[in-house]
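Undergrad: Curious how this folds, go ahead:
(one chain, ligands or ions: 1)
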Amino acid sequence: MTQQSLNILVLHGPNLNLLGQREPGIYGLKTLGGINQLLQSLAEELGVDLSIEQSNHEGVLVDLIQSTFEVFDGLLINPAAYTHTSVAIRDAIAAVAIPTVEVHLSNIHQREAFRHHSYIAPVAIGQISGFGAESYRLGLQALVTHLRTT
Ligand code: DQA
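TA: This next block holds a predicted model:
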């Protein structure tokens, strides 16, 4: 019997379009395009389909999360600054009940106090934070393993 292919949505939040030039001491030199290439090649290895989007706008991210209903099997999200502010993004994930992994390039728990709280973590399966671009690869791996074993 062939395994049904999983559809995963990857969402990048605000300012992540500037990766590569944005505070490289914190976020590294890899561009968003470079991270997306890493994710696409891991997706091929894992045999899953990825759609990747970035937005600087909270409402656009909410719309994209709502659009996952009955279309996508899982969500990999770096909500960026909205991690620490957005009840709307948290509620959208809860509303569509999509299995979600939250990722961050930097270790948000090692940084300013306002970054320590995540509105997203309570509605996510888990959070990966602090491994640079590798956080995304670890997150995709964890999400796919979760979806294939539950
Ligand atoms: C981030 C951490 C957030 O606190 C910050 O606002 C970002 C990026 C990260 O990937 O490390 O924009 O999500």
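Undergrad: and Ala121, how far is that from the ligand?
TA: Distance of Ala121 to the ligand, given as CB to the nearest ligand atom, to the nearest Å: 12 Å. The way it works is simple: take the backbone N, C-alpha and C, and place the C-beta from them, glycine included.
Undergrad: My understanding was that Ile65 contacts Asp91; is that so?
TA: No - counting by CB atoms under 8 Å, Ile65 does not reach Asp91; the two are 9.3 Å apart.
Undergrad: higher neighbour count, those two?
TA: Comparing Ile65 with Asp91 by other CB atoms under 10 Å, the one with more neighbours is Ile65, at 25 against 14.
Undergrad: Sticking with that one, tell me its helix or strand.
TA: Element membership of Ile65, judged by DSSP states H and E, is helix 58-66.
Undergrad: buried ones in that helix?
TA: Of all the residues in helix 58-66, those buried under the rule 16 or more other CB atoms under 10 Å are Glu58, Leu61, Val62, Leu64, Ile65.
Undergrad: Dump those to a markdown table, plus distance to Arg137.
TA: A markdown table is the format used below for these (distance: CB to CB, whole Å):
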| residue | distance to Arg137 |
| --- | --- |
| Glu58 | 26 |
| Leu61 | 22 |
| Val62 | 26 |
| Leu64 | 21 |
| Ile65 | 22 |
